[in-house]
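Engineer: prediction below, plus the sequence it came from.
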Amino acid sequence: EESRYIFGVSGAASVYRRRMVEDISMDGQFYDESYFAYKEDVDVAWRAQLLGWKSYYLAEAKALHERGWKYEGRRSRKQIPLFLRRHSYQNRIFTIIKNEPAGWKMFLSIPRLIGLEFVQVGYILLLEQGLLRCWATILRRMPELLRQRSALWRRIAERKGKT
């Protein structure tokens, strides 16, 4: 209910400065086209923050975005096409790999991340085995994700004058 700076804005109702779009684009892409759907706005928000941009929530702005997961009479995740659930899951992993800062904070968060992922994989093994195929995509894309991560962190270091 109050306007303030936030981590990032939802891609469903966002306004970006052209200068920011041009500045944070990687390989000529603002939204990583490999994401197809889900979490691409989180990737953009994280990259923007890392490169020094800020996001602002304006409480007076109004928008309506009906998410298919919660509408149209759907009661459970199983009613969402597996294709979409896969993208949501794998894009979360992509985003972490590409953007999580390295260093002692990351080192300290590894046990929590491993614990959360262990719980998530346990859930998948029990209830959504179809999501396991995401790991083949994640592993196949790992060299590209690490290249993107390297490029982003080189840009951050250049901005800080550390190169």
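Structural biologist: Looks like it came in fine. Note that the structure is a prediction, hence the values are computed from the model and not measured. Numbers count the residues shown, from 1 in each chain.
Engineer: what is the least confident helix or strand in the protein?
Structural biologist: Sorting the helices and strands of the chain by mean pLDDT, DSSP states H and E puts helix 104-127 at the bottom, at a mean of 79.
Engineer: can you list the buried residues in that helix?
Structural biologist: residue 124 (16 or more other Cβ atoms under 10 Å). The way it works is simple: take the backbone N, C-alpha and C, and place the C-beta from them, glycine included.
Engineer: with just CA atoms, put it into CSV.
Structural biologist: The C-alpha trace of helix 104-127 is given here as CSV (Å, rounded to 0.1, in the frame of the first residue of the first chain):
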residue,chain,number,x,y,z
TRP,A,104,31.6,-15.6,1.6
LYS,A,105,27.8,-14.8,1.6
MET,A,106,27.2,-17.5,-1.1
PHE,A,107,29.4,-19.9,0.8
LEU,A,108,27.3,-19.3,4.0
SER,A,109,24.1,-19.8,2.0
ILE,A,110,25.1,-23.0,0.4
PRO,A,111,23.8,-25.3,3.2
ARG,A,112,20.4,-23.5,3.0
LEU,A,113,20.3,-23.7,-0.8
ILE,A,114,21.3,-27.4,-0.7
GLY,A,115,18.6,-28.1,2.0
LEU,A,116,15.9,-26.3,0.0
GLU,A,117,16.9,-28.1,-3.2
PHE,A,118,17.0,-31.4,-1.3
VAL,A,119,13.4,-30.8,-0.2
GLN,A,120,12.4,-29.7,-3.7
VAL,A,121,13.9,-32.8,-5.3
GLY,A,122,12.2,-35.0,-2.7
TYR,A,123,8.9,-33.4,-3.6
ILE,A,124,9.6,-33.9,-7.3
LEU,A,125,10.6,-37.6,-6.7
LEU,A,126,7.4,-38.2,-4.8
LEU,A,127,4.8,-36.1,-6.6
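Engineer: which parts of this protein are helices?
Structural biologist: In the chain, the helices defined using DSSP state H lie at 18-24, 40-50, 82-99, 104-127, 134-159.
Engineer: okay if I get those helices as a markdown table plus distance to residue 11?
Structural biologist: Output for those, formatted as a markdown table (distance: least, Cβ to Cβ, whole Å):
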| stretch | distance to residue 11 |
| --- | --- |
| helix 18-24 | 12 |
| helix 40-50 | 3 |
| helix 82-99 | 12 |
| helix 104-127 | 23 |
| helix 134-159 | 19 |
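Engineer: quick check: residue 156 touching residue 50?
Structural biologist: Yes. Between residue 156 and residue 50 a contact is recorded at 5.6 Å, counting by Cβ atoms under 8 Å.
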